[in-house]
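> pasting the structure only:
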């Protein structure tokens, strides 16, 4: 499973510059496939918690050697700063979508 998610998104990345300013409350994202989630990055940047609507919150680990890359067994994120690619497992199915910070 992890290999699939990793290959789909080539790792998880969260743009820390924007996220760290709102770490206490998290940043809300809306996705093209209708998914929505809140991402909260720990103050030290070592972990992030993602709460995808309809799923239990999950702790993501920063990838070694990256200041912006986070993954778990079931979730992967990648951000180019303005858009987030999200890969996740829900109900045993694998999904991939593009997301933007909600306004």
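Nice, thanks for sending it over. Just so it is clear, the model here is predicted, and its values are computed rather than measured.
> so which elements touch the helix or strand in which residue 38 is found?
Here residue 38 is covered by strand 36-41, with elements defined by DSSP states H and E. The contact analysis (3 or more Cβ pairs under 8 Å, 6 or more residues apart in numbering; DSSP states H and E) places strand 36-41 against helix 16-21, strand 27-31, strand 47-52. Glycine gets a C-beta too; all of them are placed from N, C-alpha and C.
> residue 62 and residue 71, how far apart?
Residue 62 sits 9 Å away from residue 71, going by Cβ to Cβ, to the nearest Å.
> residue 98 contacts residue 34, correct?
No - Residue 98 is beyond contact range of residue 34, at 11.9 Å (criterion: Cβ atoms under 8 Å).
> settle it for me: which of those two has more neighbours?
Neighbour comparison, residue 98 and residue 34: the larger count goes to residue 98, with 13 against 8 (by other Cβ atoms under 10 Å).
> residue contacts, the more buried one?
31, 32, 83, 84, 85, 86 (Cβ atoms under 8 Å, 6 or more residues apart in numbering).
> can you tell me the closest non-neighbouring residue to it?
Counting by Cβ to Cβ, 6 or more residues apart in numbering, residue 32 is the residue found nearest to residue 98 once chain neighbours are left out, at 5.0 Å.
> chain neighbours aside, what residue packs nearest to residue 46?
When the adjacent residues along the chain are set aside, residue 46 lies closest to residue 62, with 5.4 Å between them (Cβ to Cβ, 6+ apart).
> ok, the one you found touching residue 47?
Yes - using Cβ under 8 Å, residue 62 is in contact with residue 47, at 6.7 Å.
> wait, residue 60 touches residue 45, no?
No - shown here, residue 60 and residue 45 do not form a contact pair, counting by Cβ under 8 Å, at 11.4 Å.
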